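Build the 3D model from these lines:
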Amino acid sequence: MSQNKYINIMISSRNNSNFDNKSLTEIRKKLKKLIEKEKLFDKELFKVWINEEEDPQSFSETIWKKCLREARQADIVISLYNGQAGWLKDNDTIGICHDELREALDAGSGKVWCIQLDGCKYDKDITEQQQNADKKFQEFIKKNHQIFSKPVSTIKNLNIRVKEVLNDAAIKLIERGVVEVSRNKDIYGEVLTWKRKNYSERSEAIIKALEDSIDKKGTGIKKDDIFFLQRDSHKILLLLHAIPDSVSIASARERVGQPFLQDFRKNKQLLQDDLIIGPLHIIGCYKSITETQARNILGFPDAIILKDSFGIYVADNIQKIQMVFLEKCSDSYSTAHAFQEFIDWMLRMGEMEELDKRAISRKKIIESIAKEN
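All right, here's what the predicted structure looks like:
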């Protein structure tokens with residue numbers, strides 16, 4: 001991330017293609033002006049980089065490297081996607097748009113937003129090399145679909161979407177910055193207070209922070225001290241836990257154990273309402289957790305293990321067990337933010353529907369186990 005007085009934005013896209021009867025080069029230049037005229041307290045806030053500002057002569061290896069450096073260093077990267085990989089170097093198989101997006105995602109997926117341009121006209125007379133590069137780019141995009149905002153089909157809607165993306169991006173980046181500041185202030189404040197707590201007190205503090213986040217931010221609902229994640233047609237039962245120290249310390253880890261083994265004891269709660277499904281275990285970890293540690297808590301290796309900024313999501317497609325390990329829950333703000341990051345990530349990844357399906361199945365499994373016990 002750059003270190004200056006502006007929020008630096010890179011706009012990545014094809015140059016020569018047309019969208020809504022305008023060239024993307026012309027559109028990008030106007031977007032740059034549109035963004036940079038936005039101010040905060042009468043001060044310039046954004047600085048936009050587009051490759052049109054560089055040497056207008058044909059691209060070279062130096063310009064290619066410049067584009068990748070901008071993608072890596074920018075605070076926010078907006079990719080205008082029309083399925084084309086962009087300019088190719090001699091005998092290369094990856095276009096500049098593909099390489100820029102890959103570089104930006106490697107630097108930090110949380111700073112990347114992609115807007116799909118519906119109805120964008122492709123270049124004529126595309127070579128076989130270009131067709132192969134476009135196909136690779138499209139396959140790459142499918143694997144990273146979580147970075148997309150809603151598609152647009154007009155320049156007017158594109159301008160609106162870009163402003164929405166920047167508003168969302170600025171808020172999220174500020175939140176992440178506050179979390180990092182919070183985590184690093186070990187010598188005072190709530191972080192120091194939590195450090196002074198024993199395991200029982202710290203576990204209670206983590207769980208209380210999770211309860212407050214669910215109850216107050218509208219993410220879920222609370223009924224009779226039972227917490228649910230509200231979905232369109234279901235309520236997912238949330239079971240809250242805490243590991244009050246490093247997961248590598250047995251006495252801290254054993255305070256949670258394998259919580260899903262006690263799921264059958266929650267059968268009465270699940271049967272209160274036909275809309276209740278689950279449960280989903282939310283485990284606040286005072287420190288970090290690795291994929292191996294999460295897999296060991298589950299007890300077997302064959303499971304879905306997904307890691308992102310919030311921590312780790314674990315899902316077992318056989319027994320339909322689901323657990324979320326939230327990392328670095330060192331104060332109430334960090335804990336609440338990690339939970340919200342998980343919810344945002346699930347929605348962005350399109351994983352919520354799969355979570356719902358597993359939760360429905362898990363309820364049925366628990367009902368069978370409860371009858372046997």
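
after the lowest-mean-pLDDT helix or strand in the chain, next one along is what?
None of the helices or strands of the chain scores lower by mean pLDDT, DSSP states H and E than strand 220-223, at a mean of 68. Note on strand 220-223: by DSSP states H and E, the next helix or strand toward the C-terminus is strand 226-230.

what does the helix or strand following that next one contact?
The element immediately downstream of strand 226-230 (helix or strand, assigned by DSSP H and E) is strand 235-243. By CB atoms under 8 Å, 6 or more residues apart in numbering, the residues outside strand 235-243 that reach it are 202-204, 206-207, 210-211, 214, 220-221, 226-229, 252-253, 255-256, 259, 266, 269-270, 273, 275-286, 289, 329, 355-356, 359. C-beta coordinates here come from the backbone N, C-alpha and C atoms, glycine included.

Generate a PyMOL selection restricted to the buried subset of these.
Buried residues among those (16 or more other CB atoms under 10 Å), as a PyMOL selection:
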select buried, resi 202+203+206+207+210+211+214+220+227+228+229+252+253+255+256+259+266+269+270+276+277+278+279+280+281+282+283+284+285+286+289+329+355+356+359
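
Give me the subset of the contacts of strand 235-243 that lies in strands.
Among those, the ones falling in strands (DSSP state E) are 220-221, 226-229, 276-285.

Now for the residues you listed: which two are most distant?
276 and 285 (26.3 Å; CB to CB).

one step back: for the ones in strands among the contacts of strand 235-243, which one is nearest residue 178?
Nearest to residue 178 among those, with distances taken as CB to CB, is residue 284, at 18.2 Å.

Where does pLDDT dip in the chain?
1-4, 54-61, 121-125, 145-146, 179-188, 216-220, 223-224, 349 (pLDDT under 70).

Would you mind splitting it into its domains for me?
7-173, 186-372 (automatic domain parsing).

Check the protein for its longest helix and report it.
helix 155-184 (DSSP state H).

what packs against it?
Counting by 3 or more CB pairs under 8 Å, 6 or more residues apart in numbering; DSSP states H and E, the packing neighbours recorded for helix 155-184 are strand 7-12, helix 24-36, strand 76-81, strand 112-116, helix 189-195, helix 332-349.

Could you save those as TSV and add columns showing distance to residue 300 and mean neighbour count?
Listed next are these as TSV, based on distance: least, CB to CB, whole Å; neighbours: other CB atoms under 10 Å:
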stretch	distance to residue 300	mean neighbour count
strand 7-12	42	24
helix 24-36	49	17
strand 76-81	39	24
strand 112-116	34	21
helix 189-195	33	15
helix 332-349	23	20
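
can you give me the helices in the stretch 251-373 of the chain?
Per DSSP state H, counting those that start in this stretch, the stretch 251-373 of the chain carries helices over the ranges 267-271, 291-298, 332-349, 352-372.

May I see these arranged in TSV, with distance to residue 37 as well?
Compiled in TSV, those are given as follows (distance: least, CB to CB, whole Å):
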stretch	distance to residue 37
helix 267-271	54
helix 291-298	45
helix 332-349	29
helix 352-372	37
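
mind checking which of these is nearest residue 40?
helix 332-349 (22.9 Å).

Contacts for that closest one next, please.
145-147, 172, 175, 178-179, 182-183, 190, 205-206, 208-210, 212-214, 217, 219, 229, 282, 284, 308-311, 313, 324, 326-329, 351-352, 355.

related to what we said a few turns ago, figure out which of the helices of the stretch 251-373 of the chain is closest to residue 75.
helix 332-349 (18.3 Å).

Between strand 235-243 and that closest one, find me the angle.
Helix 332-349 runs at 140 degrees relative to strand 235-243, counting by axes from the mean of the first three to the mean of the last three CA atoms, to 10 degrees.

between helix 332-349 and helix 352-372, what angle do the directions make?
Going by the same axes, to 10 degrees, helix 332-349 makes 110 degrees with helix 352-372.

Figure out how far helix 332-349 is from the centre of its chain.
8 Å (CA atoms, centre = their mean, to the nearest Å).

Look up how far residue 203 lies from the closest residue to residue 330 other than its chain neighbours.
Among residues not flanking residue 330 along the chain, residue 191 sits closest, at 5.2 Å (CB to CB, 6 or more residues apart in numbering). Note on residue 191: its distance to residue 203, by CB to CB, to the nearest Å, is 16 Å.

What are the buried residues along the longest helix of the chain?
Buried, per 16+ other CB under 10 Å, within helix 155-184: 155, 158-159, 161-162, 165-166, 169-170, 172-173, 176, 179, 182-183.

now stretch 109-126
In stretch 109-126, counting by 16+ other CB under 10 Å, buried: 110-117, 120.

before we move on, what about stretch 39-54?
45-51.

Reformat those as TSV; add secondary structure and distance to residue 38.
TSV is the format used below for the buried residues of stretch 39-54 (DSSP: H, G, I helix; E, B strand; the rest coil; distance: CB to CB, whole Å):
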residue	secondary structure	distance to residue 38
45	coil	6
46	strand	6
47	strand	11
48	strand	10
49	strand	16
50	coil	16
51	helix	22
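
want to throw those into TSV with distance to residue 239?
Below are these laid out as TSV (distance: CB to CB, whole Å):
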residue	distance to residue 239
45	43
46	43
47	46
48	46
49	47
50	49
51	50
